[in-house]
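Q: dropping a prediction and its sequence here:
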Amino acid sequence: MFNRILVPFDGSHGGEQALRKAVELAKLTDAEIQVMTVYRHHSMLEASFSMVRATNPGNMDDAMRDHAREVAEYAKKLAIETGAEKVRAFVKAGQPARTIVRFANEHECDLIVLGARGMGSVEGYLLGSVSHKVTGLARMPVLVV
């Protein structure tokens, strides 16, 4: 039925519920779970308005990417603890809905499972309308949890 299930994950409660549902489906179908965290690129203008630690100002994109990696690795660990056997984690930058659908197409995912609401653009990547946009853009089935 399903070979690859994509779970866009931002660390929110809704994201965890979606991940747990995807693990249930993966167990039934022996599917691989591909967890993906998307972070949004911040322009230099946005970065100049951002608060940074004086001791480590760094680059805003680097900070967002590092945080996204932590979130993706947390999701992978959670999926394995929940019983998934085949899990891969990815981090991508871009506009959330389009990035999710592009990734699903490129990786030949059979299903996208995502939370209805996420943490917002600063803390995560799922805005209330991202799940709606994904359902409209995707060629494969989308399960919104």
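A: That came through, no problem.
Q: tally of neighbours for S129?
A: Neighbouring residues of S129 were enumerated by other CB atoms under 10 Å; the total is 11. (Each C-beta comes from the backbone N, C-alpha and C, glycine too.)
Q: quick one: pLDDT of it?
A: For S129, the model assigns a pLDDT of 79.
Q: look up how far A104 lies from it.
A: When CB to CB, to the nearest Å is the yardstick, S129 and A104 sit 18 Å from each other.
Q: what of P141?
A: P141 sits 10 Å away from A104, going by CB to CB.
Q: in terms of neighbours, single out the busier of the two.
A: For the pair P141 and A104, the greater number of neighbours falls to A104 (25 against 12), based on other CB under 10 Å.
Q: name the residues that touch the biggest helix by length in the chain?
A: Here the longest helix in the chain is taken by residue count, with DSSP state H as the criterion, and it is helix 60-82. Where contact means CB atoms under 8 Å, 6 or more residues apart in numbering, the residues beyond helix 60-82 that reach it are 7, 9-11, 15-16, 19-20, 22-23, 33, 35-42, 46-47, 50, 52, 87-91, 93, 124.
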